[in-house]
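> no letters, just coordinates:
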């Protein structure tokens, strides 16, 4: 039981660290123009946030499992080995199902292997789409067709038009927050398969 208690304490401390990382990076991404956002690039904050998210899941599982195991000792009806196995198995299965639901996109279970992979584009290909009737932009190493967004863009048409066919990573992260980035994903058309010729950081 002492070993389980140590696991409970250690996983709890690591959970606190992961939670702080999630909070700090989340706030930095939500408002890149804030003081906190200026301390790290949007890309760095997003990467750390993603890593912390994936670390949080196993830490939560270990911490909660240790807590459940300790709780068994407080109830006579839960001290039997078969009951412990049943409860822990159910708990593990439940967490596994939740993780599966989180990482599997809708309909992916029913997709066939004939579905093509994400298109790989070149800078030259993106550069051809540089007009108001055909506008592609690059943010990080991903290309987006934002033609339909031009007339409804809150910042005005010109804010998009002058970046059609180019790498707009720097200006995007200077002017937008995490919610804007999530909205942008609806316009994703493929990734860039070569090094970008301008910096991605602010």
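Perfect, thanks for sending it. Here the structure is a predicted model, which is why all the values come from computation and not from measurement.
> tell me where the longest helix sits in the chain.
For the chain, the helix that runs over the most residues, judged by DSSP state H, is helix 42-72.
> and it, how far from the chain's centre?
Between the centre of helix 42-72 and the centre of its chain there are 14 Å (Cα atoms, centre = their mean, to the nearest Å).
> might you report the residue contacts of residue 26?
Applying Cβ atoms under 8 Å, 6 or more residues apart in numbering to residue 26 gives the contacts 49, 178. Bear in mind the C-beta positions are built from the backbone N, C-alpha and C, glycine included.
> for the record, mean pLDDT for the host helix or strand of it?
Here residue 26 sits within helix 2-30, counting by DSSP states H and E. Mean pLDDT, helix 2-30: 88.
> one more: stretch 193-202?
Rounded mean pLDDT across stretch 193-202 is 58.
> same thing with stretch 166-176?
Summarised as a single mean, pLDDT over stretch 166-176 is 89.
> may I see the buried residues of it?
Neighbour counts using 16 or more other Cβ atoms under 10 Å place 166, 167, 168, 169, 170, 171, 172, 173, 176 of stretch 166-176 among the buried residues.
> repeat that for stretch 135-149.
Within stretch 135-149, the residues scored as buried using 16+ other Cβ under 10 Å are 135-147, 149.
> mind putting those residues in JSON lines, secondary structure, distance to residue 39 and pLDDT included?
Compiled in JSON lines, those are given as follows (DSSP: H, G, I helix; E, B strand; the rest coil; distance: Cβ to Cβ, whole Å; pLDDT from 0 to 100):
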{"residue": "135", "secondary structure": "strand", "distance to residue 39": "32", "pLDDT": "95"}
{"residue": "136", "secondary structure": "strand", "distance to residue 39": "31", "pLDDT": "95"}
{"residue": "137", "secondary structure": "strand", "distance to residue 39": "26", "pLDDT": "96"}
{"residue": "138", "secondary structure": "strand", "distance to residue 39": "25", "pLDDT": "94"}
{"residue": "139", "secondary structure": "strand", "distance to residue 39": "21", "pLDDT": "92"}
{"residue": "140", "secondary structure": "coil", "distance to residue 39": "19", "pLDDT": "87"}
{"residue": "141", "secondary structure": "coil", "distance to residue 39": "23", "pLDDT": "88"}
{"residue": "142", "secondary structure": "strand", "distance to residue 39": "24", "pLDDT": "92"}
{"residue": "143", "secondary structure": "strand", "distance to residue 39": "29", "pLDDT": "94"}
{"residue": "144", "secondary structure": "strand", "distance to residue 39": "27", "pLDDT": "95"}
{"residue": "145", "secondary structure": "strand", "distance to residue 39": "33", "pLDDT": "95"}
{"residue": "146", "secondary structure": "coil", "distance to residue 39": "29", "pLDDT": "95"}
{"residue": "147", "secondary structure": "helix", "distance to residue 39": "35", "pLDDT": "94"}
{"residue": "149", "secondary structure": "helix", "distance to residue 39": "30", "pLDDT": "91"}
